[in-house]
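Peer 1: requesting a structural model of the entry that follows:
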Amino acid sequence: MPTPQTPALSPNRSRRNAGVWTISNLLSFTRVLLLAPILFFLHQNTPAGNLTAFGFILLAAATDWFDGFLARRFQQQSDVGRIVDPLSDKICIGGIALYLALHRDFPVWFLILILTRDFTILILGLFMAARAKVPESNWPGKVAVTAMAIVLIVFAFDIKPVKWPFFWIMVVLFFVSIASYLPRVKQIFKSNNIK
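Peer 2: As a prediction, the model looks like this:
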């Protein structure tokens, strides 16, 4: 007698059903929680405080690497993860950039650009999650985030010889990453007949 077979989940359905409380998403949430000790020790503005803050920044960066690795390893990639991961990046980096703009010499105009871009991406990601597929991060975006993290560390430690050259390189990468996303977003809107 033939036994009924369970229909295989489609890739899209699997992605959407991976859930919120996966290991990779928990690591992304942890990155946001690490913002508090980073700012606390940065505000001490002492060699020991800065060194401790640097340790927490490295830990946050490690969670960023491992959440993607574990999501792929355990097949936990999901539309939720595609929003939570970059959103955690933006909260952590935006929080440090805001602190450095208020208490160090990080340019306020670039902080406004970062916050404007991140708010736009968040709204767009939520909109596309409801109506279509959330696009994955691409390499220009990942390189820009990494460059921004390096620049924030340089500003936090006030490493004068490389501070401004690194900053302007990061500005270029920032605009390249924005330009790289535009055709992908346009293609997804077009393929899903979203107007």
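
Peer 1: since we're on Gln77, how many residues are nearby?
Peer 2: 19 (other CB atoms under 10 Å). No exception for glycine: its C-beta is placed from N, CA and C like everyone else's.

Peer 1: with adjacent residues omitted, what lies nearest to it?
Peer 2: Ala71 (5.0 Å; CB to CB, 6 or more residues apart in numbering).

Peer 1: how about the helix or strand containing the one you found: buried residues?
Peer 2: For Ala71, the host element (DSSP states H and E) is helix 47-73. Of all the residues in helix 47-73, those buried under the rule 16 or more other CB atoms under 10 Å are 50, 52-54, 56-57, 60-61, 63-64, 66-68, 70-71.

Peer 1: do stretch 148-165 as well
Peer 2: So, applying 16+ other CB under 10 Å, buried residues of stretch 148-165: Met148, Ala149, Val151, Leu152, Ile153, Val154, Phe155, Ala156, Phe157.

Peer 1: could you pull out the helices in this structure for me?
Peer 2: 11-17, 23-33, 35-44, 47-73, 79-103, 108-131, 139-156, 160-191 (DSSP state H).

Peer 1: mean pLDDT added to these, as CSV?
Peer 2: Output for the helices of the chain, formatted as CSV (pLDDT from 0 to 100):
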stretch, mean pLDDT
helix 11-17, 48
helix 23-33, 87
helix 35-44, 94
helix 47-73, 84
helix 79-103, 86
helix 108-131, 79
helix 139-156, 85
helix 160-191, 83
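
Peer 1: list the contacts of His43.
Peer 2: Going by CB atoms under 8 Å, 6 or more residues apart in numbering, His43 touches Gly49, Tyr99, His103.

Peer 1: among these, which one sits closest to Asp85?
Peer 2: Tyr99 (22.1 Å; CB to CB).

Peer 1: hmm, Phe167 is touching Val151, no?
Peer 2: Yes - contact between Phe167 and Val151 holds when scored by CB atoms under 8 Å: they sit 5.5 Å apart.

Peer 1: circling back to that earlier point, columns distance to Ile114 on top of the buried residues of stretch 148-165, output as CSV?
Peer 2: Below are those laid out as CSV (distance: CB to CB, whole Å):
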residue, distance to Ile114
Met148, 8
Ala149, 12
Val151, 11
Leu152, 10
Ile153, 16
Val154, 16
Phe155, 13
Ala156, 16
Phe157, 20
